[in-house]
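1. here is a sequence with its predicted model. Questions after.
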Amino acid sequence: MRKQQPHTSTKPEGVDATEREGDSEVMKAADRPWPQIQSFNHPRCTGGIHARCRVKRFERLIRAIKTGVIATATVTSFMLASTATAAESNDTAVRPFRVTIPEKEIVELRRRISTTRWPTKELVGDRSQGVQLATLKALARFWTTDYDWRKAEARLNTLPQFVTKIDGTDIHFIHVKSPHEGALPLIMTHGWPGSVIELLETIGPLTDPTKYGGTPADAFHVVLPSLPGYGFSGQPTDLGWDSGRIARAWAVLMERLGYTRYVAQGGDVGADVTDAMARQAPKGLIGVHLNLLTGALGIVDKLPKKSEQERAAANAVATFKASGFGYFLEQSTRPQTIGYSLLDSPIGLAAWMLDHDTDSYYKISRAFVEGRTVGRLTRESIVDNITLYWLTGTGASAARWYWEFGQFLAKVGDQVPLPVRVPVGFTTFPGELWAAPRSWVEAVYPGLAYFNQVDRGGHFAAWEEPTLFASELRAAFRPLR
């Protein structure tokens, strides 16, 4: 059952009356069925570093991924214009939110892209030196000629969006209620360098499953928060916004929305936050689902390697540690340094976000260079997510998740994390950084309640294969209804 909270009726400074309905009308929007929207998704980031002398340092950092951390951030003032004043009067208020980007910001973005200083072409025929020049030039052409941010803005504004202050920080979230009675509340957390954009295409299949091969009994009420410091959420003014703190904030959010029985899902950073929720077991949380086994990194030497799938997973982890963690090392030690480039150059930001993992990189590259799209990884959806980072100025602030991660490691050392206290479901997607076999998942989550390995999808599973992803959530949480 959903308990509606009181909301301020004060019109925030800087918001045109035509851009915002009354609070009661916007809250009613959360109860209406979600309108069908077009693909609206995102890319992801990394770099390659081969220096052996840094591997041990990385391994020390990576151990803490079992419990995790999350970022601080900066959202430019114009992005929060619609919510600037209400928090001062009521810290628990849930305030309606609309995206309104000034045209001058769009013009400036195009100008910066057009004045990019390009490097010479890479000296290899693959991505081993980083994002390929042809890929970035094709992306830049699309970004400046065919792309229209206003379409993305309009899509977002068809959805019920809100902001509420939790633990001193404004949290932006999308809240779409199912039209079906008895729907199960679900909070899903995105990752880095993602945003709520990567999850939007799952809203339809989750809230209205009858249109996607499901039944009314499979329906969810969907809550999609933006991580602190990401997208339209506010910038924390203090340190320590790790996964545990975010997990506690999400519990407050669900309670504030009136949900007394709910489930949680996450991949990437979102998997770490959801793992923390499963270990904290806040009142009302009855189960979780994950699609990245972050906990494997800290214990990979102890995991079984007898089967072909186990050996393949171990090799994938070794590859990640050897040449796939450049972004991880930079952001966990010097996020401010890379941040200057990420906020100064749109193409620099795009390159940093595309260079995440081999599977997703080549899928994204083909979309721009060859016009071949895999699932929902369209050119428009990829640039939607990059543009969101640019317009909100969150490249540096989102990168600070990894710095917080390193600080967290220093505090906990080799402490064993708390046991998981709710049922855990897990789905392995073949294109993931390491496709975790069941034996590995059971080692991290003893008593695993649900496991499945599907035939398609990668690291950005919800973005790439939203219908398949939604069907996995239905199956995983069906016994908990």
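-> Thanks, I have the structure now.
2. going forward, measure contacts and count neighbours with C-alpha atoms only.
-> Noted.
3. once you drop chain neighbours, what's closest to Gly458?
-> Among residues not flanking Gly458 along the chain, Gly431 sits closest, at 3.7 Å (CA to CA, 6 or more residues apart in numbering).
4. now the one you found: phi and psi?
-> phi -90, psi 10 (degrees, to the nearest 10).
5. and it, how close does it get to Thr319?
-> Gly431 sits 14 Å away from Thr319, taking CA to CA, to the nearest Å as the criterion.
6. then Pro346?
-> 29 Å.
7. so Trp192 touches Ala271, yeah?
-> No - using CA atoms under 8 Å, Trp192 is not in contact with Ala271; the gap is 11.0 Å.
8. these two: which is more packed in?
-> Ala271 (30 against 22; other CA atoms under 10 Å).
9. ramachandran angles for Asp167?
-> The phi/psi pair for Asp167 (degrees, to the nearest 10) is phi 50, psi 40.
10. so what's it closest to, chain neighbours aside?
-> Distances taken as CA to CA, 6+ apart put Ala249 closest to Asp167, at 7.1 Å, once the chain neighbours are dropped.
11. just give me the neighbour total for the one you found.
-> Neighbours of Ala249 using other CA under 10 Å come to 20.
12. by contact count, what packs against the helix or strand that contains Tyr340?
-> Element membership of Tyr340 [criterion: DSSP states H and E] is helix 335-344. If you count contacts as 3 or more CA pairs under 8 Å, 6 or more residues apart in numbering; DSSP states H and E, helix 335-344 packs onto helix 346-354, helix 395-412.
13. can you redo those as CSV with distance to Arg421?
-> CSV is the format used below for the helices and strands packed on helix 335-344 (distance: least, CA to CA, whole Å):
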stretch, distance to Arg421
helix 346-354, 35
helix 395-412, 20
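14. what about stretch 457-467, distance to the chain center?
-> 12 Å (CA atoms, centre = their mean, to the nearest Å).
15. shouldn't Leu186 be in contact with Asp218?
-> No - look at Leu186 against Asp218 with CA under 8 Å: they stay out of range, at 11.7 Å.
16. okay, buried residues for the helix or strand hosting Ala312 please.
-> Following DSSP H and E, one finds Ala312 within helix 308-323. By 16 or more other CA atoms under 10 Å, the buried positions in helix 308-323 come out as Glu310, Ala312, Ala313, Ala314, Ala316, Val317, Phe320, Lys321, Ala322, Ser323.
17. out of the residues you listed, which comes closest to Ala276?
-> Distance to Ala276, by CA to CA, is smallest for Val317 among the buried residues of helix 308-323, at 22.2 Å.
18. the closest one - nearest residue in space that isn't next to it in sequence?
-> Distances taken as CA to CA, 6+ apart place Trp434 nearest to Val317, at 6.1 Å, with adjacent residues excluded.
19. wait, what's in contact with that neighbour?
-> Ala313, Ala314, Ala316, Val317 (CA atoms under 8 Å, 6 or more residues apart in numbering).
20. closest one of those to Thr144?
-> Using CA to CA, Ala316 comes nearest to Thr144 of these, at 36.4 Å.
21. next, the residue nearest to the closest one when sequence neighbours are not counted: phi, psi?
-> Nearest non-adjacent residue to Ala316, counting by CA to CA, 6+ apart: Trp434, 5.2 Å away. Dihedral pair for Trp434: phi -140, psi 120, per degrees, to the nearest 10.
22. go on, Ile187?
-> According to degrees, to the nearest 10, Ile187 has phi -110, psi 120.
23. bridging residues for it?
-> Using DSSP bridges, the beta-bridge partners of Ile187 come out as Val223, Ala264.
24. residues in contact with it?
-> Ile187 makes contact with Val222, Val223, Leu224, Pro225, Trp250, Met254, Tyr262, Val263, Ala264, Gln265 under the criterion CA under 8 Å, 6+ apart.
25. residues contacting the fifth one?
-> Read that as Trp250. In this structure, Trp250 makes contact with Ile187, judged by CA under 8 Å, 6+ apart.
26. helix, strand or coil for it?
-> Here Trp250 is recorded as helix under DSSP: H, G, I helix; E, B strand; the rest coil.
27. got the CA positions of the biggest strand by length in the chain in CSV?
-> Longest strand of the chain, by residue count under DSSP state E: strand 169-176. Taking Å, rounded to 0.1, in the frame of the first residue of the first chain, the C-alpha atoms of strand 169-176 are listed here in CSV:
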residue,chain,number,x,y,z
THR,A,169,21.2,15.7,0.0
ASP,A,170,18.5,16.2,-2.6
ILE,A,171,17.7,12.9,-4.3
HIS,A,172,16.0,12.9,-7.7
PHE,A,173,13.9,9.9,-8.6
ILE,A,174,11.3,8.7,-11.1
HIS,A,175,8.2,7.0,-9.6
VAL,A,176,5.9,5.1,-11.9
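28. same for that strand, what does it pack against?
-> Partner elements for strand 169-176 (3+ CA pairs under 8 Å, 6+ apart): strand 161-166, strand 220-225.
29. can I get the ones you listed in TSV with distance to Ala449 and mean neighbour count?
-> Below are those laid out as TSV (distance: least, CA to CA, whole Å; neighbours: other CA atoms under 10 Å):
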stretch	distance to Ala449	mean neighbour count
strand 161-166	31	24
strand 220-225	19	25
